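Colleague: Model the structure of this input:
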Amino acid sequence: MQRKGGRAPSGPLSRLRPIEQDPLGEYGLPSKGEKRLLSPKVQEAYYARIVERYLAFCTEAGDSDSLQKQFARLALTATTTTTTTSVSLPPHTSSASLSQSIATLPSTEKLSQVLSALRKLREALVASHRHDHFATQAYLFSIRLGILASSYETYYPSLLHLLRRHHQQRDHPTGTTTTNPAPLPTDKNTNSSSSLTSVELTEITTYHILDTACRRGDLAEAYSLYNQQHHHRRRLHHHSTTIASSSTCSSPSSDTLKLKSILDALTSDNWVAWRRLKKQVDLYRVKLMEFAEHQVREHTLRAFGRAYLSVPVGVLEEQTGCGWAELKGRFGVGWELEEAGGKVVIRKVR
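Modeller: Prediction:
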């Protein structure tokens, strides 16, 4: 039976429109029972979406200064609360309105979505026992982005996984150890081992040392890791270079010397050396050093309090790297500022 106007009655299923989801929120956490991400092809497609979303985030931010401000706005608490949640979009969302809804999200929310998606991908790679070149690059991307976002929940698990995998390959070069469970069935060539290059290994080892010293505050362990790295590099130079002299083989590189100087500056609370070294290293190392910056700056403020009765406010701001308002609000200094003379009174003579 046809309705008036020649239109056929629509069935009950034709009124249901497909619900469009954010591509990054399509899958759940493998630790919570998600199985679809265990497929290598799905993993690679999902990783491509993550990179695409991150590049869009960088493009929207504009210049490097604006991008760093966006990273700084992402609080660690916001990262932990959004790691297990997906994007909530209104029902019956079309593809065009889906893209518009994602584009109108706050920048910190977009970055949180990327970090949440990286956790899902990392869990899928671990669950599927994938150790090929793709998995290595996905772990490295997670480490670097997590450091830039100051999200140790993102970079630290990937960092430990790559380091443990490297030590397993070094100790058992013939194959996997017997303690590992049997790998899940995957596509061809996805379980072929992919070792880290010497540059990548040095990079993540440096990150591990800085994280141990600056975020975890374990200087003894950081020095131990540094000595192990330095000894390993000297041994590699000794085996690979047969003509060079022993003094050339044992001389540390510039990056190694800077790493040692960072540990020394943190140990002695040397704020001057700490600030100088921050200008000499890349952004990844700077972000890791920022975990301990509050501690080193507090020591500098205590030194000012013991050594001076008063100091020009410009000198204090230049030496501490903070404005007077931030020193009062964030560090709670009880000193007084004389507006007329531009001088900070630390102690008054009785």
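Colleague: Summarise which helices and strands the helix or strand containing K258 is packed against.
Modeller: For K258, the element it lies in under DSSP states H and E is helix 254-268. Using 3 or more CB pairs under 8 Å, 6 or more residues apart in numbering; DSSP states H and E as the contact definition, the elements that helix 254-268 packs against are helix 198-210, helix 219-240, helix 271-278. No exception for glycine: its C-beta is placed from N, CA and C like everyone else's.
Colleague: Would you single out the least confident of the ones you listed?
Modeller: Of all those, the minimum mean pLDDT falls on helix 219-240 (a mean of 80).
Colleague: Could you list every helix and strand that that one packs against?
Modeller: Against helix 219-240 (3+ CB pairs under 8 Å, 6+ apart) you get helix 198-210, helix 246-250, helix 254-268.
Colleague: again, only using 6 Å
Modeller: Applying 3 or more CB pairs under 6 Å, 6 or more residues apart in numbering; DSSP states H and E, we find helix 219-240 packed against helix 198-210, helix 246-250.
Colleague: circling back to that earlier point, what's the angle from the helix holding K258 to helix 219-240?
Modeller: 160 degrees (axes from the mean of the first three to the mean of the last three CA atoms, to 10 degrees).
Colleague: Tell me how many other residues crowd G28.
Modeller: By the measure other CB atoms under 10 Å, the count of residues near G28 is 16.
Colleague: Quick check: the gap between it and L38.
Modeller: 12 Å (CB to CB, to the nearest Å).
Colleague: how about TSV for the helices and strands packed on helix 219-240, with distance to G146 added?
Modeller: As requested, the helices and strands packed on helix 219-240 are arranged in TSV below (distance: least, CB to CB, whole Å):
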stretch	distance to G146
helix 198-210	10
helix 246-250	34
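Colleague: quick one: average pLDDT of the helix holding K258?
Modeller: Rounded mean pLDDT across helix 254-268 is 91.
Colleague: Buried residues in whatever helix or strand L140 lives in, which are they?
Modeller: Following DSSP H and E, one finds L140 within helix 133-148. Buried residues in helix 133-148, counted by 16 or more other CB atoms under 10 Å: 134-136, 138-148.
Colleague: Please name the nearest non-neighbouring residue to A213.
Modeller: Sequence neighbours aside, A222 is the residue nearest to A213 in space, at 3.6 Å (criterion: CB to CB, 6 or more residues apart in numbering).
Colleague: Next one: the one you found from V199, what distance?
Modeller: Distance from A222 to V199, by CB to CB: 21 Å.
Colleague: thinking again about what came up before, quick one, which of the helices and strands packed on helix 219-240 gets closest to L277.
Modeller: Checking the helices and strands packed on helix 219-240 against L277 by CB to CB gives helix 198-210 as the closest, at 11.2 Å.
Colleague: Quick one: work out the angle between the closest one and helix 219-240.
Modeller: 160 degrees.
Colleague: Using CSV, write down the CA coordinates of helix 198-210.
Modeller: Provided in CSV are the C-alpha atoms of helix 198-210 (Å, rounded to 0.1, in the frame of the first residue of the first chain):
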residue,chain,number,x,y,z
SER,A,198,72.3,2.7,18.3
VAL,A,199,70.9,6.3,18.0
GLU,A,200,67.4,5.2,19.2
LEU,A,201,68.9,3.2,22.0
THR,A,202,71.0,6.1,23.2
GLU,A,203,68.0,8.4,23.0
ILE,A,204,65.6,6.3,25.1
THR,A,205,68.3,5.4,27.6
THR,A,206,69.0,9.1,28.1
TYR,A,207,65.2,9.6,28.6
HIS,A,208,65.2,6.8,31.2
ILE,A,209,68.1,8.3,33.1
LEU,A,210,66.6,11.8,33.2
